[in-house]
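> Need coordinates for the below:
(chains A and B)
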Amino acid sequence: MTTTKELWENALVELELTISKPNFNTWFKDTHVVRVEEGTVYLGVPSQFARDWLSTKFHKDILRSLRGLSDTVRTVEYIISRGPKKNVEDARTVPAAPSELPLENVHAKTNLNPRFTLQSFVVGPFNELAHAAAQAVIRKPGSAYNPLLIYGPTGLGKTHLIQAIGNHFRVNAPERKVQYVTSEKFSMDYVSSLQAGKVQSFKEKYRQYDLLIMDDVQFLAKMEKTKEEFFHLFNFLHDSNKQLIFSSDQHPNVIQNLEDRLKSRFSAGMILSVTPPDHESRLAIVRTKASAHNVILPDEVLEYLATAVEGNVRELEGALNLLLIQFELRGSEPLTINDAKMLLRGASNATKKAVSVQEVVRTISAFYGVEEHSIYEKTRRKEVVRPRQMIMFLLREDFKISFPTIGEKLGGRDHTTVIHSCEKIKNDLRSDSVLTSELNQIRLMLK
Amino acid sequence: MKFETNTDELSQAVATAARFVERRANLPALSAILLAAENGRLTLRATNLECGVEITVPAKVSADGIAALPATIFAGFLNNARGKVVSGSLVGELFKVETERASAAIKTIPHDDFPVLPRVSAEKSFTAKSSDLSKAIRSVAYCASLSAVKPELQSVLLFGEGGKLTAVATDSFRLAEKTVPLRGGGSTPQLLVPARNAAELMRILDSVGGEAEVYFNENQLSTHVGNVYYTSRIIDAAFPNYRQIVPKTFSTEAVVLREDVSTALKSLSIFADKFSQVSLAIEPAKKSVLLSSRNPDVGEQTSTVRATISGDELTMSFNGRYLADSLQSISGDSVRLHANGPGKPMLIKDAGDESFFYLAMPMNR
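Residues are numbered from 1 along each chain as shown, chains lettered A, B, ... in the order given. Have a look, this model is predicted:
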């Protein structure tokens, strides 16, 4: 298939030289090869105007350049057809009857990103509670959990989840007015309404919604006046049984400068946390995202991606995008695990500045509270073994020191001991989230 | 090339052709009108590759020839021309045009690049009175969407069944359907004509009158009325199945005088907010419809319209412009409003005429 496409592209390059630019732009735009059969090239053109004109005016030029590029071409036929890409789009938009698009979509933009849907949300042990709560809110808006607050570190799908709830209502219950704002946008709106002396219309605007989704409410804490306005809005919507959904990076009780009255109001509904995903969930996320791009990557590459790129889902997505673009550039040639390793060298956490072995030993033994010299001794006490294995793992993974060297530096151990330790930690990391967070903290300390 | 012809006829033909010209054309020839003099007549041709037109004007031709002239300049000159007779001749690169009191020399554009107009074979066609076809398009075309995201909603749908031609357009917020009688060619498949092209067809039909036989294939539609040949691209897409969303039963029905509502909407629009929101309260007990609009920055207005009402009391909000638009397609004295409660579309009809209906989605509040 690529050859017919290339054939036409090469022909176009040639034709562009012989035909004036306006003519070329007018007539050869949106042309493509539909198929080639027994020496006949079927050329797709956008309209009958183009078909008639190409066949009367440019037929000879087209045929000549196609023949010059391929001996097998004998004739050219013109078909009216739009590009393959557009047809796909049409198929999706056809079933949209007017009733599905009522007025409020235009009059009050929901601000929702349609990309965030529940279907594309990967559920794992780390976020299943939040997901279940979202489902409950969808079933019984306003009464199940009101307000719903989801908190957790950045890049774990909080925004995705809360927008997905909004999108669900936008599609399935368009009569409900849904609005998504970030707390920053809310505050800007409020300030500009103050300046313009239109506080009343600001109040009315926000009080009309049936479902209000506010992202990153922790920022409200710093803004005194906005906080007060938010408090009144909260009361109004909550009293009229309108669903409220919030996200925050911390539990509201630990957000500084947040009044007790707001804290207690947040607590009235449901507060849930999302935690960093475990290994299986990360794998599932990578798979879902890759298939959303219609790309199938080898399992070992996905596995490597899920292991190598630690941290949040957003970073995982970024690393995956890096692979996808490479995949596109290569065309048909498959990506191997080595390519992936090369590509992700910059993205993964595996690059570290040079640190002396002593420093690593000092930091980690201090972290675990063991005597530094006990690491070098031949003891097998449990509280020493784990830190020692961790040291070996870090030296190997982050600093790329060879197995024999590590063994030698850590009290003259055999290199197989080191290999075993590294494998042990690597395996434990997959299931043990405590260990993962320890590792992350240590890495931070070593930076 | 050398010819003489009637000034008014040429001026009118050029003005019509000029509307088909591409304003910001890549190809200079597309900003031109092609003028061909042969066999005792003058043929004008213009196209923007979306639709095209060819108009013949009787002329005294003393030398055959072809020239492409920039449309705006040629039309501008003729627009201000006086006198009965205009003569034209081609001298090298210049086209000399002369009327009783004025003469001009217009620089021509190379006409080799001017495309041919697609011809549609006469196999499939339908016939209607020009005025009917024009009325069908006029009654719905304003409902077509302005956004290019969905080409099928940017178009007017035409189809024929049971001896009737139906025209439909929607931008997904409101929808209008108009049915007119067909003279020939009973069943016609769904043809999606871009709304802009349909508007041009309408103007041509209005100026020519008589009967229009419209030929079509799956890509192109064309018609020959009077001295004009018109052709337009047909959009290759599926129009939504709109019949399924037209409600059949109603909880509230009100009959009002068209003039009353029209006047009320006009003055309400002064007070409407930036979404042109007008609220409509149908009050059976008071036998009236209360229309109101409100803009926090301006003020508010209410307006009562007497009505005959059956069914429940009801309050809904609409875009006032959408309501006003529907009235321009209704010629009868009274208008029927059919509603099914908040959040459901309202059906607007001419009380004495079943050939037109208009469906408007309410606003939320």
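
> can you list the domain ranges for chain B.
B:2-107, B:125-241, B:246-360 (automatic domain parsing).

> Next one: the first one, is it in contact with chain A?
Yes. Using C-beta under 8 Å from any C-beta of the partner chain, a contact is recorded between domain B:2-107 and chain A, made by B:Ala25, B:Asn26, B:Leu27, B:Pro28, B:Leu30, B:Thr47, B:Leu49, B:Gly52. In short, each C-beta sits where N, CA and C put it, glycine included.

> In which helix or strand does B:Phe95 reside?
strand B:94-98 (DSSP states H and E).

> Other residues contacting that strand?
Identification of contacts with strand B:94-98 by C-beta atoms under 8 Å, 6 or more residues apart in numbering or on different chains yields B:35, B:67, B:69, B:74, B:77-78, B:86-90, B:103-108.

> which element is A:Gln358 on?
helix A:357-368.

> May I see the buried residues of whichever helix or strand comes after that helix?
Next helix or strand after helix A:357-368 toward the C-terminus (DSSP H and E): helix A:372-376. Neighbour-count burial for helix A:372-376, counted by 16 or more other C-beta atoms under 10 Å in any protein chain shown, picks out A:Ser374, A:Ile375.

> Ok, stretch B:269-285 next?
Buried, per 16+ other C-beta under 10 Å, within stretch B:269-285: B:269, B:271-273, B:275-284.

> From the residues you listed, list the ones also adjacent to chain A.
Answer for the buried residues of stretch B:269-285 near chain A (C-beta under 8 Å from any C-beta): B:Phe275.

> So which one of the buried residues of stretch B:269-285 is the model least confident about?
Ranked by pLDDT, the buried residues of stretch B:269-285 bottom out at B:Phe275, which scores 83.

> any chance you could map the helices in the stretch 1-150 of chain B?
Ranges of helices in the stretch 1-150 of chain B, per DSSP state H, counting those that start in this stretch, are B:7-18, B:71-79, B:130-140.

> Which strands or helices does the shortest one pack on?
It stands for helix B:71-79. Contacts defined by 3 or more C-beta pairs under 8 Å, 6 or more residues apart in numbering or on different chains; DSSP states H and E place helix B:71-79 against helix B:7-18, strand B:32-38, strand B:94-98, strand B:103-107.

> Give the buried residues for stretch B:140-159.
B:140-145, B:150-159.

> Just give me the closest of these to A:Arg396.
B:Lys150 (57.1 Å; C-beta to C-beta).

> what does the model give the closest one for pLDDT?
82.

> same check, this time on B:Phe126
90.

> do B:Val91 as well
Model confidence at B:Val91 (pLDDT) stands at 91.

> ok, now which ones touch it?
B:Ala105.

> switch to 10 Å and redo it
B:Met1, B:Lys2, B:Ala105, B:Thr108 (C-beta atoms under 10 Å, 6 or more residues apart in numbering or on different chains).

> Quick check, the last one in contact with B:Ser89.
Spelled out, that is B:Thr108. No. Assessed by C-beta atoms under 10 Å, B:Thr108 is found out of contact with B:Ser89, at 11.7 Å.

> Which residue is the nearest non-sequential neighbour of the residue sitting furthest away from the middle of chain B?
Using C-alpha atoms, centre = their mean, the residue of chain B lying farthest from its centre is B:Ala285. It sits 41.2 Å away. Nearest residue to B:Ala285 in three dimensions, chain neighbours excluded: B:Glu313, at 7.3 Å (C-beta to C-beta, 6 or more residues apart in numbering or on different chains).

> Also A:Gly155?
A:Asn312 (3.0 Å).

> doesn't A:Leu156 make contact with that neighbour?
Yes. A:Asn312 is within contact range of A:Leu156, at 5.6 Å (criterion: C-beta under 10 Å).

> hang on, the earlier thing: tell me the one of the buried residues of stretch B:140-159 nearest chain A?
Chain A lies nearest to B:Lys150 out of these, by C-beta to the nearest C-beta, at 5.6 Å.

> List the residues that contact B:Thr315.
B:Ser279, B:Leu280, B:Ala281, B:Ile282, B:Glu283, B:Leu290, B:Ser292, B:Gly341, B:Pro342, B:Pro362.

> Kindly apply the preceding question to A:Trp8 instead.
Per C-beta under 10 Å, 6+ apart, neighbours of A:Trp8: A:15, A:28, A:31-33, A:36, A:41, A:43-44, A:62, A:65-66, A:69.

> For the stretch 101-250 of chain A, which segments are assigned as strands?
Using DSSP state E, counting those that start in this stretch, the strands found in the stretch 101-250 of chain A span residues A:148-151, A:178-182, A:211-215, A:243-248.

> any low-confidence regions in chain B?
Along chain B, segments meeting pLDDT under 70 span B:364-365.

> At the contact with chain A, which residues of the stretch 201-350 of chain B appear?
Neighbours of chain A within the stretch 201-350 of chain B, by C-beta under 10 Å from any C-beta of the partner chain: B:217-220, B:222, B:231, B:233-247, B:273-277, B:295-297, B:317-319, B:322, B:342-345.

> How about the contacts made by residue 224?
Defaulting to chain A. A:Asn257, A:Glu259.

> um, chain B though
B:Glu54, B:Ala122, B:Ala212, B:Glu213, B:Val214, B:Tyr215, B:Tyr230, B:Thr231.

> related to what we said a few turns ago, just list what the helix holding A:Gln358 packs against, helices and strands only.
Applying 3 or more C-beta pairs under 10 Å, 6 or more residues apart in numbering or on different chains; DSSP states H and E, one finds that helix A:357-368 makes contact with helix A:372-376, helix A:382-397, helix A:403-409, helix A:433-446.

> And it, what's buried?
A:Val357, A:Val360, A:Val361, A:Thr363, A:Ile364, A:Ser365, A:Tyr368.

> which residue packs closest to A:Trp76, ignoring adjacent ones?
Quick fix: residue A:76 is Val, not Trp. A:Val41 (4.9 Å).

> hmm, back to that, and the contacts of B:His224 as TSV, adding secondary structure?
Formatted as TSV, these follow (DSSP: H, G, I helix; E, B strand; the rest coil):
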residue	secondary structure
B:Glu54	strand
B:Ala122	coil
B:Ala212	strand
B:Glu213	strand
B:Val214	strand
B:Tyr215	strand
B:Tyr230	strand
B:Thr231	strand
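
> Of those residues, just the buried ones, ChimeraX syntax please.
This is how ChimeraX selects the buried members of those, with burial counted by 16+ other C-beta under 10 Å:
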select /B:54,212,213,214,215,230,231
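
> Looking at the contacts of B:His224, which one is closest to chain A?
B:Thr231 (8.5 Å).

> contacting residues around the closest one?
Contacts of B:Thr231 by C-beta under 10 Å, 6+ apart are A:48-49, B:20, B:47, B:51-54, B:117-120, B:197, B:201, B:215-216, B:220-224.

> Mind doing that once more with 6 Å?
B:Gly52, B:Leu117, B:Pro118, B:Ser222 (C-beta atoms under 6 Å, 6 or more residues apart in numbering or on different chains).

> and if you look at B:Ala32?
So B:Ala32 contacts B:Ala68, B:Leu69, B:Pro70, B:Ile109 (C-beta under 6 Å, 6+ apart).
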